[in-house]
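Novice: the amino acid sequence is not available; the structure is as follows:
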């Protein structure tokens with residue numbers, strides 16, 4: 001258990017969570033960990049980085065993934081239990097890295113069940129970033145150069161994968177309010193005011 005400030009940030013796809021994490025990092029002088037967790041886990045474990053990237057917040061090629069995407073049938077040729085075990089091992093390696101990061105310094109960790117993994121840390125602030133469908137659709141249309149229908153399809157797919165991943169490993173509802181210390185709608189506040197609110201919350205809680 002450490003005395004470091006850890007901001008564990010979950011986000012709906014297209015809500016601006018990554019942008020908020022980056023702005024928070026600059027504002028508070030904290031390192032942000034996101035996709036680089038896969039690289040750290042690969043170096044620590046000796047397992048190829050692309051294995052971690054393949055299951056990063058999406059239990060791809062696993063029994064869980066097929067159930068979530070409604071593609072599992074009794075005729076499926078793969079062994080679902082063997083692949084789930086493999087995904088579990090990769091998750092555990094990433095969890096070890098997340099704990100090591102939290103033990104070392106103040107930081108911001110995006111996704112990857114960090115709030116659940118670090119749930120016993122006294123200064124872990126768990127934040128959920130959400131937004132309404134129209135706000136998210138417009139952001140994804142602009143960032144990924146997609147039309148409205150394609151953007152909405154991608155949002156639905158990514159949210160479903162993250163929800164299944166969190167539900168499986170944390171055993172909790174991804175969107176349940178009691179899972180977080182603070183939940184913010186960026187379609188109501190905007191990105192910059194969301195950053196302001198998080199800073200104010202941390203100041204009040206740890207003043």
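Specialist: Received, thanks. This structure is a prediction, so every number in the text was calculated from the model and none was measured.

Novice: any weak-confidence spans in this protein?
Specialist: 1, 57-85 (pLDDT under 70).

Novice: show me where this protein has strands.
Specialist: 6-11, 31-33, 107-110, 124-130, 182-185 (DSSP state E).

Novice: just those strands: most buried one?
Specialist: Ranked by mean neighbour count, these are led by strand 6-11 with a mean of 26 (mean count of other CB atoms under 10 Å). All C-beta spots, glycine's among them, are computed from the backbone N, C-alpha and C.

Novice: and that strand, what does it pack onto?
Specialist: helix 17-28, strand 107-110, helix 114-117, strand 124-130 (3 or more CB pairs under 8 Å, 6 or more residues apart in numbering; DSSP states H and E).

Novice: to residue 170, which of the ones you listed lies closest?
Specialist: Taking CB to CB, helix 114-117 is the member of the helices and strands packed on strand 6-11 nearest to residue 170, at 3.8 Å.

Novice: residue nearest the centroid of this protein?
Specialist: residue 111 (1.6 Å; CA atoms, centre = their mean).

Novice: backbone phi and psi for that residue, please?
Specialist: phi 60, psi -150 (degrees, to the nearest 10).

Novice: how far is the longest helix along the chain from where the chain is centred?
Specialist: Criterion DSSP state H: the longest helix present in the chain is helix 80-104. Between the centre of helix 80-104 and the centre of its chain there are 14 Å (CA atoms, centre = their mean, to the nearest Å).

Novice: quick one: it to strand 6-11, angle?
Specialist: Interaxial angle of helix 80-104 relative to strand 6-11 (axes from the mean of the first three to the mean of the last three CA atoms, to 10 degrees): 140 degrees.

Novice: cool, thanks, signing off.
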